[in-house]
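[1] Turn this into a model:
(one chain, ligands or ions: 1)
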Amino acid sequence: MARSSRRSPTWPLSLLSIVLLLFFVSPAVMVKHHDFKRCDQSGFCKRNRALADNVLERGSPESSPYQVDSASIKYKDGQLDASIVKNIGGGNQVKLPLTITFLDRGNVRVTIDEDKRRKGQIELRHGSVARKERYNEVGAWALTGAGLQAQKAAYMKRKEYTEVTWGPEGQYKAVIQHSPFGVEFWTGEEKQVVFNGRGFLNVEHWRSKVDKPQRDENSTEPEPPEPVEDESTWWEESFGGNTDSKPKGPESVALDISFTGYGHVFGLAEHAGPLSLKETRGGEGNYDQPYRMYNSDIFEYELDSPMTLYGSIPFMQAHKKDSTVGVFWLNAAETWVDITKSKHDTNPLTLGLTGGIVDTHTHWISESGLLDVFVMLGPNPKELSKSYGKLTGYTAMPATFAIAYHQCRWNYVSDEDVKDVDRKFDKFNIPYDVIWLDIEYTNDKQYFTWDPLNFPDPISMEKQLEETDRKLVVIIDPHIKNKEGYHVVDELKSKNLAVKNKDNNIFEGWCWPGSSHWIDAFNPAARAWWKSLFSYDRFKGTQSNVWLWNDMNEPSVFNGPEITMPRDNIHHGNWEHRDVHNLNGMTFHNATYHALLERKKGETPRRPFVLTRSFYAGSQRSAAMWTGDNQANWEHLAASIPMILNQGVSGFPFAGADVGGFFGNPSKELQTRWYQAGAFYPFMRGHAHIDTRRREPYMLGEPYTSIMTKALRLRYSLLPAWYTAFHEASTEGYPIVRSQYFVHPGDEKGFAVDDQMYLGSTGLLVKPVTNEGGESVDVYVADEENYYDYFDFTIYSGKPQRTHTISTPLDKLPLLMQGGHIFPRKDRPRKSSGLMKWDPYTLVIVLDKKGEKAEGTLYADDGETFDYQLGAYIHRKFLFADGKLISTDIGTKGSKTINYLKTMKDVRVEKIIVVNAPAAWSSAGEVAVTEDGVKGTRNVEMIYHAATAGKAARAVVRDPATAIGVDWTISFPEASQSGVKTEL
Ligand code: NOJ
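    Prediction:
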């Protein structure tokens with residue numbers, strides 16, 4: 001599977017002209033559908049959809065063969081254990097242990113196992129060495145351990161059902177129906193989530209294959225009857241020329257989960273589609289395939305599609321007006337999710353004219369593993385994100401450089417090339433922090449080595465970058481070139497740390513280096529070895545400003561089934577690859593993260609930067625992600641916004657898309673618009689395919705270079721606001737860029753809006769232009785607050801559910817400030833974020849509609865070490881009320897607080913801009929500043945810019961010089977004061 005340029009064969013001229021014609025009339029690139037399964041090509045998906053269809057056809061959810069053996073129910077200290085019995089006909093039953101644990105924050109965990117497999121009482125076919133249990137270690141990877149403690153609950157068992165109530169006010173209730181098994185989850189009087197209400201629960205139990213007796217060709221006996229069930233996909237499955245040996249036979253788990261009264265569901269990263277997930281069972285505007293989660297290297301992926309992509313997070317938020325609930329399906333095997341919606345009217349007299357209530361029904365189907373699912377009873381998007389973050393971990397606080405601008409392409413061809421690009425950025429006064437090296441820097445695709453011809457002196461390149469506090473990121477993939485004498489592969493083999501094939505021999509497949517083996521990062525010994533490879537003396541040519549990019553970790557295997565590993569491959573602990581597939585990428589980037597922490601003994605640990613393409617729930621603890629190989633076209637630019645918003649909903653918000661588009665050459669207009677949009681991606685990196693033209697911002701010429709530079713400068717000046725938003729993500733689990741429904745959970749009209757984003761809690765609302773020649777955009781505003789243009793202070797008056805049209809010449813980025821907020825900036829243009837470290841702050845106070853109130857926060861620390869965990873940080877709340885702006889400390893002290901504050905004592909606020917400043921201030925020219933630790937009060941000049949037609953008034957306080965890390969109060973003047981300084 002060659003991804004880069006391939007030599008074309010010689011074609012007859014006529015054929016060539018047809019192909020060329022097709023090239024111009026059809027889209028240049030298209031996903032290869034035939035490489036990837038549809039549901040009906042995946043045995044277990046097809047079987048479970050058929051089961052659902054059958055039940056629906058018969059209209060008999062109550063025929064579900066699963067019953068709780070009520071005698072088996074035991075309840076103790078917030079945990080219920082019981083046996084579910086599956087009736088399999090002929091009086092036979094399968095025992096399925098059930099555990100329900102009642103947790104804090106309105107969460108509950110339901111786990112269903114299979115008794116026989118738990119006890120290892122099954123036989124594997126083909127002499128497989130695979131484990132017999134259902135995979136039960138996803139939690140060990142995805143969960144942090146927090147939030148799993150069972151809570152006090154009240155338990156009541158009846159003949160037909162068991163009821164458990166829990167929560168601080170006893171507001172949560174689970175009603176477990178015994179026959180058929182099903183659970184309803186309630187908050188107060190409201191039924192929220194229902195399990196198996198539609199009767200799709202399915203745990204495919206282990207059974208031994210009964211082979212048809214060999215028949216004598218001449219036999220006159222009648223043929224034995226065919227088995228009642230269609231076994232054609234039970235025992236082995238072929239796709240695209242590969243056969244899966246399936247040593248355990250069919251073993252899927254599936255469940256229907258309905259959200260009562262919820263019309264929107266979000267989450268299930270990663271898919272290229274709208275934020276509000278679509279229905280998947282056909283019908284106009286719907287998909288006909290379930291959302292698929294099977295981490296894959298999808299070459300030239302398509303948009304508006306439920307096809308799987310590189311990463312998976314099986315977490316879903318269901319939202320309705322003022323209420324949010326969630327489901328987290330803890331399974332790492334291939335998973336499909338069908339979504340349908342049904343409408344019902346609560347009032348029969350309205351004849352359905354009022355629109356009625358929408359329920360969303362979901363059907364989760366996994367190939368193997370336990371049925372292990374969390375229900376989270378919200379009650380709002382913020383609380384839900386927090387709950388999910390508590391379970392799976394919050395975003396790691398990144399180093400400052402990581403949220404600045406990254407410059408990448410496949411490839412910068414030599415160390416001289418890198419130095420030259422670095423110099424050119426400076427020459428054109430364009431800020432950037434990180435330059436990247438793709439696979440070509442290596443010697444023959446052998447990671448941890450350098451191409452001796454083109455990169456003879458990597459250290460001198462890194463030293464040049466260091467002069468401006470810049471960094472280098474190099475790529476290292478999980479496939480290790482299978483070449484004798486290459487030290488990494490020799491060690492991998494001799495230490496027996498690679499993934500095995502179904503026969504338990506080292507697995508061999510193809511990737512960039514040709515024949516390769518894969519590190520098995522599930523193995524602790526492999527991870528320990530991986531660490532050793534990154535030490536500066538082993539990975540020669542690297543120093544402390546070098547960080548990492550992990551790509552192809554789905555894993556991508558060019559000659560494997562669906563471009564990945566065979567499912568019957570074997571990992572550490574003898575788990576089959578099918579059980580752990582979606583975790584694979586995360587184990588690898590985690591290993592790299594930990595390796596980077598320990599590159600040198602005695603070195604102060606710094607926050608590692610790792611970019612990953614593949615991910616799972618929990619990846620946010622150690623990496624950033626990007627949306628893989630997008631295309632340089634307007635549709636992909638537009639698609640990046642809901643995809644990035646969805647990463648926030650799915651708890652992995654440190655996300656970006658290749659700015660400019662990976663495949664193809666963007667027009668100058670497209671690239672410029674992409675930089676404007678990219679300035680609002682949490683992770684901002686320009687990247688391009690090896691066959692594309694150079695496109696560093698300075699290459700485009702005017703006016704494009706200047707407009708892109710302006711977008712980058714905007715990103716840099718807002719870095720303190722971004723950093724504060726990252727801090728919220730790392731402590732509360734909130735998205736970094738937030739969607740409309742997240743910020744305005746009561747505004748129904750905005751729930752599906754997914755083309756505009758709020759930056760953290762700053763009130764900054766951006767709506768990038770994503771269409772060619774886009775002369776204007778319509779920004780949707782949910783609330784009554786005024787919004788102000790960031791650049792020229794045009795007022796967009798707050799009327800709920802209004803759309804404002806903003807004209808967008810190429811140099812215009814539609815960015816609004818919502819009234820009532822305060823956000824920090826650093827306005828001095830520098831070459832890199834590192835050089836801004838000691839720069840003074842600007843505070844922008846965007847007063848509310850009445851011109852009376854605003855509030856906001858700032859988080860700052862050293863931007864690189866872990867000292868913030870010992871209190872070395874500044875966390876301030878700024879409140880403007882009653883004519884005073886007050887800065888108060890909202891941090892908690894630790895052993896390193898005092899020292900850190902000392903280092904920050906000269907970092908001051910150099911400017912305060914008050915938007916929508918009261919007219920009464922126009923006749924006063926000063927503010928009064930009092931500062932902790934400074935005697936008396938000092939007066940500081942304020943300049944008033946009166947409101948002009950349609951534009952808000954501003955007041956600018958010039959250099960109040962208050963230290964950023966201490967308490968202070970600035971009193972704004974009374975109207976009667978003199979000393980007018982007005983600029984119109
Ligand atoms: C695939 C990645 O998605 C892309 O970003 C990278 O440039 C190529 N691999 C080459 O490493």
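
[2] Spit out the contact partners of the residue nearest to Asp811 when sequence neighbours are not counted.
    Distances taken as Cβ to Cβ, 6 or more residues apart in numbering put Ile707 closest to Asp811, at 4.8 Å, once the chain neighbours are dropped. All C-beta spots, glycine's among them, are computed from the backbone N, C-alpha and C. Under the criterion of Cβ atoms under 8 Å, 6 or more residues apart in numbering, the contact partners of Ile707 comprise Thr672, Tyr675, Gln676, Leu810, Asp811.

[3] close enough to count as contact, the fourth one and Thr672?
    Yes - the criterion here is Cβ atoms under 8 Å, and Leu810 meets it with Thr672 at 6.1 Å.

[4] of the two, who's got more company?
    Remark: of Leu810 and Thr672, Thr672 carries more neighbours, 24 against 17, as counted by other Cβ atoms under 10 Å.

[5] does that one sit in a helix or strand, and which one?
    helix 668-678 (DSSP states H and E).

[6] sorry, back to before: which of the contacts of Ile707 sits closest to Ile435?
    Taking Cβ to Cβ as the measure, Ile435 sits nearest to Tyr675 out of those, at 16.6 Å.

[7] tell me the pLDDT at the closest one?
    In this prediction, Tyr675 carries a pLDDT score of 99.

[8] So what's the residue count around the residue nearest to Gly120 when sequence neighbours are not counted?
    Taking Cβ to Cβ, 6+ apart as the measure, Gly120 lies nearest to Lys132, with 4.5 Å between them; neighbours along the chain are not counted. A count of neighbours around Lys132, defined by other Cβ under 10 Å, yields 18.

[9] now Phe680
    Residue neighbour count, defined by other Cβ under 10 Å, stands at 28 for Phe680.

[10] For this structure, list the residues in contact with the ligand, please.
    Proximity of the chain to the ligand is assessed by Cβ under 6 Å from any ligand atom, with Trp410, Asp438, Ile439, Ile475, Asp551, Arg613, Gly628, Asp629, Phe662, His687 identified as the residues in range.

[11] same thing but 5 Å
    Residues of the chain found near the ligand (Cβ under 5 Å from any ligand atom) are Trp410, Asp438, Ile439, Asp551, Gly628, Asp629.

[12] farthest-separated two in the residues you listed?
    Those two in the residues of the chain next to the ligand that are separated most widely, counting by Cβ to Cβ, are Ile439 and Gly628, at 15.2 Å.

[13] Wasn't the residue nearest to Gly120 part of a helix?
    No - under the criterion used here (DSSP: H, G, I helix; E, B strand; the rest coil), Lys132 is coil, not part of a helix.

[14] Okay, it and the ligand: tell me how far apart.
    For Lys132, the distance to the ligand (Cβ to the nearest ligand atom, to the nearest Å) stands at 37 Å.

[15] same check, this time on Glu855
    Separation of Glu855 from the ligand (Cβ to the nearest ligand atom) stands at 41 Å.

[16] Am I right that that residue is in contact with Gly820?
    Yes - the pair Glu855 and Gly820 qualifies as a contact (Cβ under 8 Å) at a distance of 7.2 Å.

[17] So which of those two has more stuff around it?
    Gly820 (22 against 18).

[18] what about the more buried one, distance to the ligand?
    Gly820 is 40 Å from the ligand, by Cβ to the nearest ligand atom.

[19] likewise Lys905?
    Taking Cβ to the nearest ligand atom as the measure, Lys905 falls 43 Å from the ligand.

[20] what's the neighbour count on Ile806?
    Neighbour count of Ile806, defined by other Cβ under 10 Å: 18.

[21] Which element, helix or strand, includes the residue nearest to Asp811?
    Short version: Ile707 belongs to helix 704-717, going by DSSP H and E.

[22] And that helix, how far out from the chain middle?
    In this view, helix 704-717 has its centroid 26 Å away from the chain centroid, taken as Cα atoms, centre = their mean, to the nearest Å.

[23] which non-adjacent residue is nearest the residue of the stretch 251-400 of the chain found nearest the ligand?
    Nearest residue of the stretch 251-400 of the chain to the ligand, counting by Cβ to the nearest ligand atom: Asp297, 7.4 Å away. Of all residues not flanking Asp297 in the chain, Ser556 sits nearest, at 3.6 Å (Cβ to Cβ, 6+ apart).

[24] Figure out the helix or strand that the one you found lives in.
    With DSSP H and E as criterion, Ser556 is part of no helix or strand.

[25] cool, and Val68?
    Following DSSP H and E, the helix or strand that holds Val68 is strand 66-76.

[26] any idea how the protein splits into domains?
    Listed by automatic domain parsing, the domain ranges of the chain are 41-210+230-377, 840-984.

[27] can you tell me the average pLDDT over the first one?
    It refers to domain 41-210+230-377. Domain 41-210+230-377 carries an average pLDDT of 95.

[28] ok now that domain, how far from the chain's centre?
    22 Å.

[29] how many other residues sit next to Pro605?
    Close neighbours of Pro605, defined as other Cβ under 10 Å, add up to 14.

[30] try Lys884
    Residues lying near Lys884 (other Cβ under 10 Å) number 14.

[31] Check the secondary structure at Asp579 for me.
    Taken by three-state DSSP, the conformation at Asp579 corresponds to helix.

[32] what's the spacing between the nearest residue in space to Leu437 that is not next to it in sequence and the ligand?
    For Leu437, the nearest residue in space outside its immediate sequence neighbours is Val474; the separation is 4.7 Å by Cβ to Cβ, 6+ apart. Shown here: Val474 relative to the ligand, a distance of 11 Å by Cβ to the nearest ligand atom.

[33] Could you do Arg117 as well?
    On the measure of Cβ to the nearest ligand atom, Arg117 and the ligand end up 37 Å apart.

[34] need the contact list for Leu201.
    The neighbours of Leu201, taking Cβ under 8 Å, 6+ apart as the test, are Ser64, Tyr66, Pro180, Phe181, Gly182, Phe195, Ala254, Leu255, Asp256.

[35] what about the strands in the stretch 551-700 of the chain?
    In the stretch 551-700 of the chain, the segments counted as strands under DSSP state E, counting those that start in this stretch are 570-571, 575-576, 610-612, 624-626, 655-656, 658-659, 684-686.

[36] so which of those strands gets nearest Leu835?
    The closest of the strands of the stretch 551-700 of the chain to Leu835 is strand 684-686. By Cβ to Cβ, the value is 17.8 Å.

[37] just to revisit the earlier point, which other helices and strands contact the helix holding Thr672?
    The criterion is 3 or more Cβ pairs under 8 Å, 6 or more residues apart in numbering; DSSP states H and E, and the helices and strands that helix 668-678 contacts are helix 634-649, strand 658-659, strand 684-686, helix 704-717.
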